[in-house]
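> I'd like to go over a predicted model; first the sequence, then the structure.
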Amino acid sequence: MQALETSPMTVPFINARPTPEMTAFQHPATHVFAVTSGKGGVGKTNAVANLAAALVLEKKRVMVMDADLGLANLDLFLGVSPQYTLADFFAGTKSLSDILTPTPLGIMLLPAASGIQEVTSLTDAQKIVFLTELDALAHDVDIMLVDTSSGISDTVTYFATAAQEIIVVVMPEPSSFTDAYALIKVLASAHREKRFWILANNVEGKRDAERLYDTLSRTALRFLNTSLDLLGWIPRDPELARAAAHGQLVVTVSPQCPSAQAFTRVARRLMHSAAAEAWEKGNVQFFFRRILAAHEKRAVRVINR
């Protein structure tokens, strides 16, 4: 992926480490869920958009971040055309508040742009500015959903391991199953993640979802000693396909259809998890401090080789 040219961000602490004042928890924890998948084409971004909408309809304040730096299209599902994106932020020309884009449903979007540089190529200064500005934006947010790229790139593992919880979207087909297991293996073996939510998408019904989950769960437990939990399942539904084809969200255009009801159930489970486990990993600022720490550890390993 071709990196965008970046210019230094002119802020007072550009070469500084985060201070206690910068890293102090100044507001209730914003729970961060990273939504990822082993392969593309499993409906991950559509799921993120519908879950965000379902959460808003449940009276939650939601921010979504498009972290799919290769194929940024979350804005299309949310019905907006952002004037600025994360590319402008990392180029040093716009702040996060400048690029934060409101959507008709009230979801706040941090849009990406296809072709933006990998997060691993960002400087520590850029990450610190990102961390601090995002923390300021998160004061009025209950839940943040991060739509990562698919696969096992460094960017995917950075965002996934930084979040409080990881949601892996899987479809009932061999390639989706195999690639989901490969992603879980990398995150469990190389990054010591031991808990994952599984969202079964485009399944025939509950039995189909449980069969998919059971097979994946047994495999992960046997070979990785890793715990998987079934977050929920989204049924194969012509209303969902029709809404997606028109760039619409099924939870708003057909709220009584099976898939919309399923997204609502999953959203409520996310709310319960966020309320029960908000203490475990901290807030949004912690999310990006983990990214910075991972980058520093990686640099140390390279230097010591």
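Structure received.
> where does the stretch 201-305 of the chain have low pLDDT?
Under the criterion pLDDT under 70, the flagged ranges of the stretch 201-305 of the chain are 277-305.
> Look up how far Leu86 lies from the closest residue to Ser95 other than its chain neighbours.
Using Cβ to Cβ, 6 or more residues apart in numbering and skipping the chain neighbours, the partner closest in space to Ser95 is Glu133 (6.0 Å). (Glycine included, C-beta is placed from N, CA and C.) Separation of Glu133 from Leu86 (Cβ to Cβ, to the nearest Å) stands at 11 Å.
> got the residue ranges for the strands in the stretch 201-305 of the chain?
227-235 (DSSP state E, counting those that start in this stretch).
> picking up where we left off before, compare Glu133 and Leu86 and say which is more crowded by neighbours.
Neighbours per residue, other Cβ atoms under 10 Å: of Glu133 and Leu86, the larger number sits with Leu86, 25 against 19.
> just to revisit the earlier point, quick check, the residue nearest to Ser95 in contact with Ile99.
No - the criterion here is Cβ atoms under 8 Å, and Glu133 misses it with Ile99 at 10.0 Å.
> what about the helices in the stretch 201-305 of the chain?
Taking DSSP state H, counting those that start in this stretch, the helices of the stretch 201-305 of the chain run over residues 206-224, 238-245, 250-253, 258-277, 284-304.
> before we move on, back to that, secondary structure element for the residue nearest to Ser95?
Element membership of Glu133, judged by DSSP states H and E, is helix 124-137.
> So which bits of that helix are buried?
If you call a residue buried by 16 or more other Cβ atoms under 10 Å, then helix 124-137 has these buried ones: 125-135, 137.
> For the stretch 51-200 of the chain, give me the ranges with low pLDDT.
In the stretch 51-200 of the chain, residues with pLDDT under 70: 70, 114-122.
> Tell me where it has helices.
Along the stretch 51-200 of the chain, the stretches classed as helices by DSSP H, counting those that start in this stretch are 74-77, 86-90, 96-99, 124-137, 154-162, 174-189.
> what's the angle between the fifth one and helix 174-189?
What it means is helix 154-162. Orientation check (axes from the mean of the first three to the mean of the last three Cα atoms, to 10 degrees): helix 154-162 against helix 174-189 gives 60 degrees.
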